[in-house]
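Trainee: Sequence first, predicted coordinates after that:
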Amino acid sequence: MAVNVTEPDSVLAGVSFGGLVAKEMSVFLNLKKLIIIFSIKTKFELPKKLQYANSCL
């Protein structure tokens, strides 16, 4: 998906899971701004039940 962003200094926004996708895309892009709406930055921000479920995998 990052290949499809061709404008220099783009602004990328993502909501929920899209925020995580946008964050990963920002690694490959030279963005002017990254906007993340209602998402988590680290696994420690997950609700406790999801942290537990993830640790069982």
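Mentor: Right, received. Where do you want to start?

Trainee: give me the number of residues near residue 18?
Mentor: 16 (other Cβ atoms under 10 Å). Placement of C-beta: from N, CA and C, glycine included.

Trainee: and what of residue 19?
Mentor: For residue 19, using other Cβ under 10 Å, the count is 20.

Trainee: Residue 26 versus that one, what's the distance?
Mentor: As judged by Cβ to Cβ, to the nearest Å, residue 19 and residue 26 stand 11 Å apart.

Trainee: Pull out the buried residues from stretch 17-28.
Mentor: 18-19, 22-23, 25-26 (16 or more other Cβ atoms under 10 Å).

Trainee: can you tell me which of those residues lies nearest to residue 50?
Mentor: Using Cβ to Cβ, residue 19 comes nearest to residue 50 of these, at 15.9 Å.

Trainee: how far away is that closest one from residue 46?
Mentor: On the measure of Cβ to Cβ, residue 19 and residue 46 end up 14 Å apart.
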